[in-house]
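In: sharing a model that was predicted from the sequence below.
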Amino acid sequence: MATMTTAELPAIAGGTPAKQTPYGSERRYGEEELGELEEALNQGTLFYAQGKKVHQLETEFAAKNGVAFAVATSSGTAAIHAALIAAGISPGDEVIVSPITDMGSVVPILYQGAAPVFADLHPHTYTLDPAAVEAAITPQTRAILAVHLAGNACAMDELMAIAARHNIVVVEDCAQAFGATYRGRPIGAIGAIGCFSYNEFKHISCGDGGLAVTNDAPLALRLRLATDKCYNRTAQGAERNPTFLANNYRMTELQGAVAVAQLKKLDDIVARRRRWCDALSAQLVDVPGIDLPQITPGCESSWWFYMLRVRPGELGADAGEFAAALQAEGLRASAHYIGHCIYEYPIFVEHSAFERGEHAYMRRAYGKGLCPQAEAILETCVMLAINQAYTETDLAETVRGVRRVAAWFAGKQ
Ligand SMILES: Cc1ncc(COP(=O)(O)O)c(C=O)c1O
């Protein structure tokens with residue numbers, strides 16, 4: 001400590017904050033979206049089955065992802081629900097899922113009357129540990145919901161091999177991983193169905209929306225029915241009538257119009273995020289006491305957020321202290337991501353999904369201790385926000401802030 005000059009002191013110790021300039025930013029929606037919206041309104045209908053925008057989105061999205069079919073939905077959660085319906089997930093079934101995700105991954109499992117089974121994660125890729133997945137399989141297991149967290153793919157080769165061995169399906173949750181690839185293939189095209197979210201906070205957005213993609217024609221038809229109350233709008237007479245339970249998860253032409261324009265921006269957005277995050281990792285790689293995120297072998301991440309972990313014993317600070325010091329530097333940082341594993345939420349611990357009645361998940365005990373690696377990740381993680389508009393200056397200031405804070409905590413030990 002004695003050797004540190006004031007300039008090197010972190011802001012929490014009276015130094016000048018590392019972040020001296022506003023973060024780079026850019027307008028998310030512009031002329032392209034306005035043009036598409038105008039066309040949609042001029043169609044005289046905003047209903048997907050009569051208009052052109054949602055169909056255009058589906059065609060272009062499928063082509064971009066190297067799959068035969070894409071079905072648009074009202075949200076990412078709706079896409080996952082439609083996928084589980086299409087895959088035939090039914091009451092009493094079990095679906096294996098990640099404990100660190102959004103409720104949107106889990107709500108559809110519960111709505112199908114199935115029980116979410118949480119499998120532990122790889123400590124540094126933050127995605128499903130294949131060995132834990134295989135250990136969680138029972139005769140009731142029907143699907144693995146592979147959540148590609150923060151833009152990084154699950155170990156899909158391993159998960160697909162497990163699924164084949166046990167005759168179960170893999171549904172990919174790509175909500176955080178638009179534009180990521182795995183062994184050269186777009187994610188979402190590897191499992192039976194891939195699900196995407198177009199919500200306001202994702203790589204690209206139409207406010208709210210989603211898509212489910214597949215290469216399987218019968219699954220594609222079931223996906224469509226699963227988003228439209230099971231009305232078969234391409235059939236006539238009695239063929240049109242619903243045969244299974246499905247919600248209204250339709251995307252409107254307004255969402256479709258914005259989504260079409262946004263899809264054109266995806267490659268550039270992902271490329272810029274990759275450049276920024278790869279440079280960040282390269283410049284932080286030697287900082288003692290922190291573990292940088294690891295990318296799953298074979299994956300090219302699309303970086304939705306940047307999440308590192310602290311080793312408090314070595315760093316001299318826990319995640320909360322480290323994040324607070326980074327915030328004092330003017331950096332967009334926060335600790336603990338979702339706070340607790342999904343299975344620690346009251347809806348699971350107290351089995352409070354419904355007021356009354358029986359549900360398969362009520363026969364399982366949920367709560368702390370189920371997935372030790374995932375719990376340790378949340379205890380020690382610090383998230384750095386990222387955006388494609390972040391500049392070289394943002395990068396330099398971020399690196400400077402992280403390094404000087406880490407050096408200061410280390411020096412205090
Ligand atoms: C991993 C994951 N899955 C599913 C969802 C649900 O998407 P949506 O908010 O579009 O319903 C999200 C959204 O945050 C997510 O991050």
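Out: Noted; the coordinates are in hand.
In: burial of the closest residue to residue 136 other than its chain neighbours, as a residue count?
Out: Of all residues not flanking residue 136 in the chain, residue 119 sits nearest, at 4.6 Å (CB to CB, 6 or more residues apart in numbering). Using the backbone N, CA and C atoms, a C-beta is placed for each residue, glycine as well. By other CB atoms under 10 Å, 22 other residues sit near residue 119.
In: what's the separation between residue 119 and residue 132?
Out: 4 Å (CB to CB, to the nearest Å).
In: contact partners for the residue nearest to residue 136?
Out: 96-99, 128-129, 132-133, 135-136, 371 (CB atoms under 8 Å, 6 or more residues apart in numbering).
In: what helices and strands are in contact with whichever strand or helix holds residue 61?
Out: Using DSSP states H and E, residue 61 maps to helix 53-64. Helix 53-64 sits against helix 31-42, strand 69-73, strand 210-214, helix 253-263, with contacts defined as 3 or more CB pairs under 8 Å, 6 or more residues apart in numbering; DSSP states H and E.
In: which one of the ones you listed lies closest to the ligand?
Out: strand 210-214 (5.3 Å; CB to the nearest ligand atom).
In: circling back: deepest-packed of the helices and strands packed on helix 53-64, please.
Out: strand 210-214 (a mean of 30; mean count of other CB atoms under 10 Å).
In: any idea which helix or strand comes after that one?
Out: Taking DSSP H and E, what comes next after strand 210-214 is helix 217-226.
In: quick one, that following helix and strand 210-214 angle?
Out: 160 degrees (axes from the mean of the first three to the mean of the last three CA atoms, to 10 degrees).
In: now stretch 42-51: buried residues?
Out: 46, 48, 51 (16 or more other CB atoms under 10 Å).
In: out of these, who's nearest the ligand?
Out: residue 48 (17.2 Å).
In: that older thread, with secondary structure and neighbour count added, can I get the contacts of residue 119 in CSV?
Out: Converted to CSV, the contacts of residue 119 look like this (DSSP: H, G, I helix; E, B strand; the rest coil; neighbours: other CB atoms under 10 Å):
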residue, secondary structure, neighbour count
96, strand, 27
97, strand, 26
98, coil, 29
99, coil, 27
128, strand, 32
129, coil, 21
132, helix, 17
133, helix, 26
135, helix, 10
136, coil, 18
371, coil, 24
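In: which one of the residues you listed is nearest the ligand?
Out: residue 98 (8.2 Å).
In: leaving out sequence neighbours, find the closest residue to the closest one.
Out: Closest to residue 98 by CB to CB, 6+ apart is residue 147, at 4.1 Å.
In: can you give me the pLDDT of the residue of the stretch 301-413 of the chain found nearest the ligand?
Out: Going by CB to the nearest ligand atom, the ligand is nearest to residue 304 of the stretch 301-413 of the chain, at 7.8 Å. According to the prediction, residue 304 has pLDDT 97.
In: that's all I had, so thanks and see you.
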